[in-house]
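Student: Coordinates for the following, if possible.
(chains A and B, ligands or ions: 2)
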Amino acid sequence: MSLQTMIQELAAGMLVSVKIFVCTLVFSLPLGMVLCFGRMSKWWPVRILTKFYISVMRGTPLMLQLLVVYFGPFFIFGIKITPGYRLTATYIGFAINYAAYFAEIFRAGIESIPVGQYEAAKILGYSRGQTFLHIILPQMVKRVLPPVTNETITLVKDTSLAFALAVTEMFTTAKQIVAAESSMVPFIIAALFYYVFNLLVAMVSEALEKKLSYYR
Amino acid sequence: MSLLEISHIRKNFEGLEVLKDISLRVEQGQVVAIIGPSGSGKSTLLRCCTGLETADGGTISYTGSFGLVFQNFNLFPHYSVLKNIMDAPLRVQKRPKKEVREQAESLLGKMGLSEKADAYPYQLSGGQQQRVSIARALALNPQILFFDEPTSALDPELTGEILKVIKELAAEHMTMVIVTHEMNFARNVADYIVFMDQGVIAEEGTPKELFHSANPRMQEFLRKFEEM
Ligand SMILES: Nc1ncnc2c1ncn2[C@@H]1O[C@H](COP(=O)(O)OP(=O)(O)OP(=O)(O)O)[C@@H](O)[C@H]1O
Ligand SMILES: [Mg+2]
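Tutor: Ligands and ions are numbered 1, 2, ... in the order given. You can find the predicted model right below:
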């Protein structure tokens, strides 16, 4: 196999990896915010429930969660699983797992905002919604950027776990080519792919951090 | 006309009686200083008056609106000085931008901070931050302004600049209730002084009456200040 075909085949896998990455971020960030609200809710049943959810999601392997999401509909509801569901199940599994991590990061961010900010807002007449949206959220975003970046870097590498559902993301393809061609090159390309991908993530994060550095 | 009437306020924190039956009236244009030893309940009283705490009993009635200046400023760090002042009038009171901007600029001028309009709070000294927070409170045109130890987070040199601003406000007949440890300031600026001790108003009156009071707790409190 020529290097060019190798790269072509790997590129198809890369596209899948990138898709998993983007979908996970797009869904898990807002879902994490919702979970964070649940975790901080004034109703204790909501609080306990989200806390339990988060601890299960963080306390069990992502690979196992992917399998549960994929096979669950059949074993629990008897719904016939189609192969097309593989990728969807991967998106769902990643999103609900990463949302749990993001929820805890967001909560720590919100709780790190001094209570004086809420008190000042209250005295000035801001509603609860205005206080969160205009006073707390912008400060929270700045504070959670470093831990969110860490999670995002982990996510880039975690996309390879999609092989558990036989989704042919990049790393699965790399392994197949290595076995068939007895060549290490696909692994080197794979390593480069993850590395460059994370370099980009770090660059975006740095740019955002710089954009938010106008205040302390 | 009385702008604020507090009657028989009580407040407990987990069984600790912090305020025991406090009653107080604040008249329009009056400057009331609240003094007293640490832990006597001064901050708790202000927090009950401003709705940051809910009293366990008693009533608080207002004529008009109020503002509060915090000991540690609590400016919004992500807003520029000008935005800190303009945001609540625009967002909460929904006043026209042009008018709010003119008022904010004039308040900044009054505070001697016109060049700092576009600065962010972290770029200011403590005294400057406190002046911005006073301007922020004034921008909502409150009828009463509460201060909780507005100078105690500041170096002595910076304390003077805040006291000067408060004095100027007093000269304009702004109604103010000020918790302070600055005895000379209380004596010179306040029309009425309230001495709190262990959750009650132990003594109250004009500065003259208070500083010549026969109350032993008051005398002991004043003596501690003279020693400092
Ligand atoms: N949120 C709270 N929970 C429990 N106890 C509190 C709380 N806030 C205040 N206290 C207690 O109430 C008492 C009065 O506190 P407060 O802050 O009103 O005193 P202060 O007169 O303002 O004192 P200082 O001059 O030191 O500011 C103190 O014993 C304090 O420990
Ligand atoms: Mg206090």
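
Student: Name the SS class of residue A:64, please.
Tutor: Local secondary structure at residue A:64 is given as helix here, using DSSP: H, G, I helix; E, B strand; the rest coil.

Student: okay, now residue A:78: neighbour count?
Tutor: For residue A:78, the number of neighbouring residues by other CB atoms under 10 Å in any protein chain shown comes to 7. Backbone N, C-alpha and C define where each C-beta goes, glycine included.

Student: per-residue confidence for it?
Tutor: The predicted local distance difference test score for residue A:78 is 83.

Student: quick one: which helix or strand includes the residue nearest the centre of chain B?
Tutor: To find the centre residue of chain B, average its C-alpha atoms and take the closest one (CA atoms, centre = their mean): that gives residue B:147, at 1.1 Å. Residue B:147 is part of strand B:144-148 when elements are defined by DSSP states H and E.

Student: and that strand, what does it pack onto?
Tutor: For strand B:144-148, the contact count by 3 or more CB pairs under 8 Å, 6 or more residues apart in numbering or on different chains; DSSP states H and E identifies helix B:42-49, strand B:66-69, helix B:126-138, strand B:175-179 as packing neighbours.

Student: Nearest approach to residue B:84 belongs to which of the ones you listed?
Tutor: When those are ranked by distance to residue B:84, counting by CB to CB, first place goes to helix B:126-138 at 5.3 Å.

Student: that's a helix at residue A:188, yeah?
Tutor: Yes. Read with three-state DSSP, residue A:188 is one of the residues of a helix.

Student: Near chain A, which residues of chain B are found?
Tutor: When proximity is defined by CB under 8 Å from any CB of the partner chain, chain B lies next to chain A at B:50-52, B:67-68, B:70, B:72, B:74-78, B:87-88, B:91-93, B:120-122, B:136-137, B:140.

Student: Is there a quick PyMOL command that grabs whichever of the residues you listed are buried?
Tutor: In PyMOL, the members of the residues of chain B next to chain A classed as buried (16 or more other CB atoms under 10 Å in any protein chain shown) are selected with the following command:
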select buried, chain B and resi 50+52+67+68+70+72+74+75+76+77+78+87+88+120+121+136+137+140
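
Student: hang on, the earlier thing: may I see the helices and strands packed on strand B:144-148 organised as JSON lines, with mean pLDDT added?
Tutor: Formatted as JSON lines, the entries for the helices and strands packed on strand B:144-148 read as follows, by pLDDT from 0 to 100:
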{"stretch": "helix B:42-49", "mean pLDDT": "96"}
{"stretch": "strand B:66-69", "mean pLDDT": "96"}
{"stretch": "helix B:126-138", "mean pLDDT": "96"}
{"stretch": "strand B:175-179", "mean pLDDT": "97"}
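
Student: can you give me how far stretch B:206-225 is from the chain middle?
Tutor: Relative to the mean C-alpha coordinate of its chain, stretch B:206-225 is positioned 22 Å out (CA atoms, centre = their mean, to the nearest Å).

Student: Oops, could you answer that again for stretch A:150-162 instead?
Tutor: A distance of 8 Å separates the centroid of the chain from that of stretch A:150-162, by CA atoms, centre = their mean.

Student: Show residues contacting it.
Tutor: Stretch A:150-162 has contacts (CB atoms under 8 Å, 6 or more residues apart in numbering or on different chains) with A:16-17, A:20-21, A:24-25, A:62-63, A:66, A:90, A:94, A:98, A:101-102, A:105, A:169-172, A:194, A:197-198, A:201-202, A:205.

Student: Tell me what angle the helix or strand where residue B:6 lies forms with strand B:175-179.
Tutor: Taking DSSP H and E as the definition, one finds residue B:6 inside strand B:2-13. Angle, strand B:2-13 to strand B:175-179, by axes from the mean of the first three to the mean of the last three CA atoms, to 10 degrees: 30 degrees.

Student: what's the average pLDDT for strand B:2-13?
Tutor: Averaging pLDDT along strand B:2-13 gives 93.

Student: swap in stretch A:103-115?
Tutor: For stretch A:103-115, the mean pLDDT works out to 97.

Student: Tell me the buried residues in that stretch?
Tutor: Buried, per 16+ other CB under 10 Å, within stretch A:103-115: A:103, A:104, A:105, A:106, A:107, A:109, A:110, A:113.

Student: do stretch A:134-154 as well
Tutor: Buried residues in stretch A:134-154, defined by neighbour count with 16+ other CB under 10 Å: A:134-137, A:139-140, A:142-145, A:147-149, A:151-153.
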